[in-house]
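Peer 1: please work out how this folds:
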Amino acid sequence: MAKVTTLEKAAGRLQKRGPASFDSSGRRVIRHDAGKLPEVLDACQEALAEQALELNVFSYANRLARIYQASTLPDDGVRRAAGAVMVHPIEAPLARELIGRAAIHEKFDARSGGYKPCDPPRTVAEALLARGHWPALPELSGFIEGPTITLDGRIIDAPGYDPKTGLFGAFTAIPGYRRPPEHPTQDDAELAVAALLDLFKTFPFVGDADRVAMLAGVLTAVVRRVLTSAPLLGMDAPMPGTGKTLLLESLAILATNRRASVLSLGHDDAETEKRLTGVLLAGDAVIGIDNVERPLKGDLLCQVATQQYVRLRPLGASGMLNVPTHALIVVTGNNLSIVGDLKRRVIMVRLDAKTDRPEHRSFNVDHLASVTERRGEIIAHALTIIAAYLAAGAPRVDGLHAYGGFESWDRMVRRPLAWLGLPDPLTTSEALRENDPDLEATRLLLAAWHGRF
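Peer 2: Next comes the predicted model:
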């Protein structure tokens, strides 16, 4: 038998997969023959899947998308910090480019009687996008910009794609961050709580429960991407300048290392929901609704708080998408009013400087600069608290009632704090029900009926 040469061995690797094969270097070759569109689309999907992480291509919310750091930010009613990380949908021109990078494309040339290189046809890119389902591609559930911990206690602190959660770690090494001990103790968690409380010691919280509600916000900021649901956080004070926005920005820096994406309320609920749809589709990690001056309500806000996904229609599109809701939403306002079903879905943090001009107060420390500098340390403290509770077997806490609809948040945020003997962060929100104008109107109506009949 004749000896097989290296070149012949390489040629032997040319395995047909419909219209696709591989060249001598192992690169996929896709031939665009007439009547072979389904096979061509299959081959294009496989080519993208083989290089998905290198090309930054994922399946996200029923469409192809990639993660990118925005250099220019549109003025669409949302204010984002420079360098914001977002999820960007892949349209046909970009899909055509990516398919071209993923494989060699050829078409038959009748004049030469053989195949010649070509660009992927636009119709192929459009047809691939129109499929709406790409099982070979990695499924993206969202991105994280700092370490987090899963419901089973696994810490994710390495950049890149995590296939178990579908999260992409869009971060590099964080100064000051140290992975918590493998088996943290309750003592470790108590030390972490003390450090976090010290970070916010200059803020005029109304009571201890409000301080704990802020700690709950810190833990939520770190783990929101892995939670199926989480309540909104409300920052309330009787006067402007008390520190509500500082607390909002603190949580955003912890989650993303930059200030929050701030959503301005529209002139009505419909306009607000359009803007909220935009930030959810973009995958923002922290959404601030700042300086709310009217009673806050809305069906979409309620759904975002309690549901893992919501069905949304992008602006200008006809189809509906299943969009993840795992963003931390923080609402600020003076004498904040939450009404309707939303009031059960909000954790309040109340501030009161007990002065007519709280903005005139002076401090020795730049709080946001301190949070930025100590970000890695703060994240490690938050992870330690949760990891210690899970390592102890996630024990029940006597006297703590269930929080229906927020089971994962209850397990990862509320119960670890209560386990350490801290007040229940939900107690700060009891006044929302008492001050609800709808409930007050109902009381007046029933009282009038009782008086008349």
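
Peer 1: C-alpha from now on. contacts and neighbour counts both.
Peer 2: Will do.

Peer 1: pLDDT below threshold where in the protein?
Peer 2: Residue ranges of the chain with pLDDT under 70: 1-20, 71-77, 266-267, 315-318, 432-440.

Peer 1: buried set for stretch 195-207?
Peer 2: For stretch 195-207, a neighbour-count test (16 or more other C-alpha atoms under 10 Å) marks Leu196, Phe200, Phe203, Pro204, Phe205, Val206 as buried.

Peer 1: now, which of those lie within helices?
Peer 2: Among the buried residues of stretch 195-207, the residues falling in helices (DSSP state H) are Leu196.

Peer 1: now the helix or strand Ala216 falls within, how far from the chain's geometric center?
Peer 2: Applying DSSP states H and E as the criterion places Ala216 in helix 208-223. Its chain's average C-alpha position is 17 Å from that of helix 208-223, according to C-alpha atoms, centre = their mean, to the nearest Å.

Peer 1: again with stretch 445-453
Peer 2: For stretch 445-453, the distance to the chain centre is 48 Å (C-alpha atoms, centre = their mean).

Peer 1: Arg178: what's it in contact with?
Peer 2: By C-alpha atoms under 8 Å, 6 or more residues apart in numbering, the residues touching Arg178 are Gly376, Glu377, Ala380.

Peer 1: can you redo these as JSON lines with secondary structure and neighbour count?
Peer 2: Shown next, in JSON lines, are these (DSSP: H, G, I helix; E, B strand; the rest coil; neighbours: other C-alpha atoms under 10 Å):
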{"residue": "Gly376", "secondary structure": "helix", "neighbour count": "21"}
{"residue": "Glu377", "secondary structure": "helix", "neighbour count": "20"}
{"residue": "Ala380", "secondary structure": "helix", "neighbour count": "20"}
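
Peer 1: related to what we said a few turns ago, of all the buried residues of stretch 195-207, which comes closest to Tyr389?
Peer 2: Nearest to Tyr389 out of these is Leu196 (C-alpha to C-alpha; 16.6 Å).

Peer 1: so that closest one is in contact with Ala380, correct?
Peer 2: No: Leu196 is beyond contact range of Ala380, at 10.5 Å (criterion: C-alpha atoms under 8 Å).

Peer 1: if I look at Val323, how far off is His183?
Peer 2: Separation of Val323 from His183 (C-alpha to C-alpha, to the nearest Å): 35 Å.

Peer 1: comparing the two, which residue is more hemmed in?
Peer 2: When Val323 and His183 are compared for neighbours, Val323 comes out ahead with 22 against 13, by other C-alpha atoms under 10 Å.

Peer 1: in which helix or strand does the more buried one reside?
Peer 2: With DSSP H and E as the test, Val323 turns up in strand 321-324.

Peer 1: which of the three states applies to Arg311?
Peer 2: Following DSSP: H, G, I helix; E, B strand; the rest coil, the label given to Arg311 is strand.

Peer 1: I'd like the distance between it and Glu273.
Peer 2: The value you get for Arg311 to Glu273, if C-alpha to C-alpha is used, is 12 Å.

Peer 1: before we move on, what about Ala230?
Peer 2: 19 Å.

Peer 1: neighbour-wise, which of these two wins?
Peer 2: Ala230 (30 against 17).

Peer 1: dihedrals phi and psi, the more buried one?
Peer 2: Main-chain torsions, Ala230, degrees, to the nearest 10: phi -160, psi 140.

Peer 1: could you list every residue that touches it?
Peer 2: Applying C-alpha under 8 Å, 6+ apart, one finds that Ala230 lies in contact with Thr220, Arg224, Ala305, Thr306, His326, Leu328, Phe406, Ser408, Trp409.
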